[in-house]
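[1] Please find the sequence and the predicted model below.
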Amino acid sequence: MHRLAKLDHQYVWHPFTQMRDWLRGEPLVITSGRGALLRDIQGREYLDANASIWTNLHGHNHPRLNAALRRQLNKIAHTSALGLANEPASLLAMRLVRSVNPAAVGPFKTGPSSESGRQRKGRHERRLRAEELCKVFYSDDGSTALEVALKMAYEFCRRTGRSRSPRFLSLQGAYHGDTVGAVSLGHIDLFHETYRGLLFRSDALMAPYCYRCPFNQAQPERADARQYRCCRWECVEQAKRSFQRQKKRSNPYAALVLEPLIQGAAGMIAQPEGWLKQIAELTRSEGALLIADEVMTGFGRTGDAFEDGTSGRLYACHREGTQPDLMALSKGITGGYLPLAATLSTATVFEVFLGEYEEFKTFFHGHSYTANPLGCATALASLDLLETQQSRNGRQRLERVLAEALTSLWRFPCIGDIRQVGLMAGIELVRNWRTREIIPLREKAGIRVCEAMARRGVLTRPIGNVIVLMPPYCMTARQVCQMVEILESAMAEVFGFSND
Ligand SMILES: Cc1ncc(COP(=O)(O)O)c(C=O)c1O
C-alpha cells in the first residue's frame, strides 16, 4: 500500500463512511485533476462522475479559477468580516443579488430612500422590492447556510409576532446538512434518528416521490415516473392539510424549508412539473416563509436553458417562477474550489434585525472565516464563467447528451426509475422493475455498482440504491457516453446480466 494510503488508514476518519469497511480496502489517493478527470497516486485516471460531491462546476484545475485565486492570494488570504469589509466579498454579494433576482437589471439600492422614483431612474438604479433577495450573509458550507436561514426565520417569526415558538416544516427524506439545526430539519432516519435527543422537532411534509408514491395509480413503465404518473396531486392536498392543522393549533408554521426541483440526499427525488409552484403559492398564502435550499441545485445545476435558446436561470426556484424569502447557497458557489456559503434574505427579513445598538436586535451569528476573500474571489470568477455564452451552450449540450445516453439504461431489469433534472441524474436500482421491489440496503447494491464503476475508471457515490451521476459542466459528450457505458458494465457485473 502506498505510504499516503497507509497514513490515511492510520490517522483519518472519513465522513459518512463505515470505517471498518474503509480499513479493509486500499484508499484511492487523488493527487491531481484536470477538467472532468481525477488522477490518483498510481497515475490512474478517473472520471469525476459526482463532481466531487456535487461541488465542481467547470472542471478541476481551471485556468481562470486558478488565476483568480492566485491574484487574490497575492493580495490577502483572509481578513475578518466581523467589523471589516473586503473587496471580493462586496463584489460577490452584488453579483449574487443580481443573479438571484432574474428580472432585475442595473445596480440595486436597498433600504429606505429619500429619492423620488424619477431621480433613481435617472441614476439607473432600481430599488429592490421587499420580496426580492437583497442581502447576503456569508458562512462556510451548506449546513451553516441552512443554520443561518433557520435562525433568521426563527427570529423573524418571533419578532413579527407570527409565532412565539416557531415550528418548521420540511420534506420527507429532507437533508439540509449535519449541524444540529440542519439535522433538526432533516427526515432521513438512517442519518438523523441517532441524534433525536439533541434536536428540535420539525414536521415532515409528503415529498412528491412519484416512483414510490402511494397515490400514483400508474403501473411501472420504462420511463421517468414523473412522466407517466397518474394522480390528483394528493401530495399538494396533504400540504394544505398540514398547514391547516398547524394553524388550528394556534401556532402556524414559521417556514417551509425545501430543496427546489430535486431532493439530493433523499435519493435524487425529482419533483413533477408544477409541484414547486403550487407549494410555494400555498406557503405564501399561509403567510409562512419559504426557505430554498439551493446548496445542491444552485449555479445552473438544474439546467438554465429556455426553449428559445436564451438562458439566465441559474437557480432551481426560478424554473417554476418562484422566489423564496431565504435562499441557501454553497457547494458550486466557488466552482468546487473552496468552502464558502451564502444565505440570501429579503429586505423584509433583514429589516427586522435593524435597531439601535441597545435594542440588541443584531443577528448574533458568525464564523471566523465568514466572507473569506479567497473563496469570494474564486466565486466571482466562477460566476463570470457561468454567464458566458460558451458555458451556457456547453450546459445545454451536456443536458441533452446526458438524457440521450441515459435512455440505453432502460433495457436493464434492475433499473426502476431514472430521474434527470438538468445536469444531474439519479438512477434507482430495484430487484425487478415490474414490481418496483426494493433491494435491501444490507445487500449494498448501490455500493457494489459504484465500486465496480471505480475499478473501470468512473468515480461516484450512491445514495442507498440510487446511483448519482452529476458531471462537471466541462464533461465532453464522449466522456458522458463512457460514464454511462461503464455504469452499464458495472451493473452487468453486479447483477449478473449480459451487457449486450
Ligand atoms: C441540499 C443540501 N443542503 C445542505 C447540504 C449540506 O452541505 P455541506 O455538506 O456543505 O454542509 C447538502 C450536502 O450535501 C445538500 O445536498
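    Ah, there it is.
[2] so what's residue 23 closest to, chain neighbours aside?
    residue 9 (5.8 Å; CB to CB, 6 or more residues apart in numbering). C-beta coordinates here come from the backbone N, C-alpha and C atoms, glycine included.
[3] Tell me how many other residues crowd that neighbour.
    16 (other CB atoms under 10 Å).
[4] cool, residue 293 as well?
    By the criterion of other CB under 10 Å, residue 293 has 32 neighbours.
[5] Was I right to think it contacts residue 329?
    No. With contact defined as CB atoms under 8 Å, residue 293 does not reach residue 329; the gap is 9.1 Å.
[6] shared neighbours, the two?
    residue 145 (CB atoms under 8 Å, 6 or more residues apart in numbering).
[7] Near the ligand, which residues of the stretch 151-300 of the chain? Just list them.
    Counting by CB under 6 Å from any ligand atom, the positions of the stretch 151-300 of the chain adjacent to the ligand are 175-177, 259, 264-265, 293, 295-296.
[8] for residue 61, what are its contacts?
    32-35.
[9] quick one: which of these is nearest to the ligand?
    For these, the minimum distance to the ligand (CB to the nearest ligand atom) is 19.4 Å, reached by residue 33.
[10] wait, the closest one sits on residue 60?
    Yes. With contacts counted by CB under 8 Å, residue 33 reaches residue 60, the gap being 3.1 Å.
[11] between these two, what contacts are shared?
    Residues touching both residue 33 and residue 60 by CB under 8 Å, 6+ apart: residue 48.
[12] Neighbour count: those two, which is higher?
    Using other CB under 10 Å, the more surrounded residue of residue 33 and residue 60 is residue 60, with 24 against 20.
[13] Isn't the more buried one up against residue 30?
    No. In terms of CB under 8 Å, residue 60 does not count as a neighbour of residue 30; the distance is 9.5 Å.
[14] Quickly list what's touching both of the two.
    residue 38.
[15] Nearest to the ligand: which residue in the chain?
    Using CB to the nearest ligand atom, the closest approach of the chain to the ligand is made by residue 142 at 2.1 Å.
[16] how about that residue, what does it touch?
    176-177, 182, 293, 295-296, 328, 330-331, 341.
[17] Just the buried residues of those.
    With neighbours counted by 16 or more other CB atoms under 10 Å, the contacts of residue 142 contain buried members at 176-177, 182, 293, 295-296, 328, 330-331, 341.
[18] Make CSV out of those and add secondary structure and pLDDT.
    Shown next, in CSV, are the buried ones among the contacts of residue 142 (DSSP: H, G, I helix; E, B strand; the rest coil; pLDDT from 0 to 100):
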residue, secondary structure, pLDDT
176, coil, 98
177, coil, 98
182, helix, 97
293, strand, 98
295, coil, 98
296, coil, 98
328, strand, 98
330, coil, 98
331, helix, 98
341, strand, 98
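[19] So which of those residues is the closest to residue 149?
    residue 328 (5.2 Å; CB to CB).
[20] Just the pLDDT at residue 460, thanks.
    pLDDT recorded at residue 460 is 98.
[21] scratch that, residue 327
    pLDDT at residue 327 comes out at 98.
[22] Now for it, how many residues are close by?
    Each residue near residue 327 was counted by other CB under 10 Å, and the total is 27.
[23] Contact partners for it?
    Contacts for residue 327 were tallied using CB under 8 Å, 6+ apart; they are 100, 133, 149, 291-292, 294, 315, 317, 343-344.
[24] on that earlier part again, the residue nearest to residue 23 and residue 60, how far apart?
    Between residue 9 and residue 60 the distance is 25 Å, computed by CB to CB, to the nearest Å.
[25] Just the helices from the stretch 401-500 of the chain, written as ranges.
    Under the criterion DSSP state H, counting those that start in this stretch, helices of the stretch 401-500 of the chain are mapped to 445-455, 477-495.
[26] could you pull out the helices for the stretch 101-250 of the chain?
    Going by DSSP H, counting those that start in this stretch, the stretch 101-250 of the chain shows helices at 117-122, 142-159, 180-184, 189-192, 225-228, 234-248.
[27] Give me whichever of those helices is most buried.
    helix 142-159 (a mean of 24; mean count of other CB atoms under 10 Å).
[28] For that helix, the averaged confidence score.
    pLDDT averaged over helix 142-159 gives 98.
[29] what are the C-alpha coordinates of that helix, in CSV please?
    Written as CSV, here are the backbone C-alpha positions of helix 142-159 (Å, rounded to 0.1, in the frame of the first residue of the first chain):
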residue,chain,number,x,y,z
GLY,A,142,-24.2,24.1,3.1
SER,A,143,-25.0,23.2,6.7
THR,A,144,-24.1,26.6,8.0
ALA,A,145,-26.0,28.4,5.2
LEU,A,146,-29.1,26.5,6.4
GLU,A,147,-28.4,27.1,10.0
VAL,A,148,-28.3,30.8,9.3
ALA,A,149,-31.6,30.7,7.3
LEU,A,150,-33.2,28.8,10.2
LYS,A,151,-32.1,31.3,12.8
MET,A,152,-33.1,34.3,10.7
ALA,A,153,-36.6,32.7,10.1
TYR,A,154,-36.9,31.8,13.8
GLU,A,155,-36.2,35.3,15.0
PHE,A,156,-38.2,36.9,12.2
CYS,A,157,-41.3,35.0,13.2
ARG,A,158,-40.9,35.8,16.9
ARG,A,159,-40.2,39.5,16.3
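[30] Report the distance from that helix to the chain centre.
    18 Å (CA atoms, centre = their mean, to the nearest Å).
[31] again, but for stretch 179-188
    15 Å.
[32] Any idea how far apart the tips of that stretch sit?
    Stretch 179-188 has an end-to-end distance of 14 Å (criterion: CA to CA, to the nearest Å).
[33] contacts for that stretch?
    Contacts of stretch 179-188 (CB under 8 Å, 6+ apart): 142-144, 146-147, 150-151, 168, 170-177, 191-192, 195, 198-202, 204, 257, 265-266.
[34] Any stretches of the chain with poor pLDDT?
    Low-confidence segments of the chain (pLDDT under 70): 103-128, 304-312.
[35] Residue 252 versus residue 245, what's the distance?
    10 Å.
[36] Same question for residue 77.
    Residue 77 sits at a distance of 46 Å from residue 252 (criterion: CB to CB).
[37] And residue 370, by the same measure?
    Plainly put, residue 370 is 32 Å away from residue 252 if you go by CB to CB.
[38] what about the two, which has more around it?
    Higher neighbour count among residue 370 and residue 252: residue 370, with 21 against 18, using other CB under 10 Å.
[39] The closest residue to that one other than its chain neighbours: neighbouring residues, count only.
    Distance criterion CB to CB, 6+ apart; nearest residue to residue 370, sequence neighbours excluded, is residue 81 at 4.3 Å. Counted by other CB under 10 Å, the residues lying close to residue 81 total 21.
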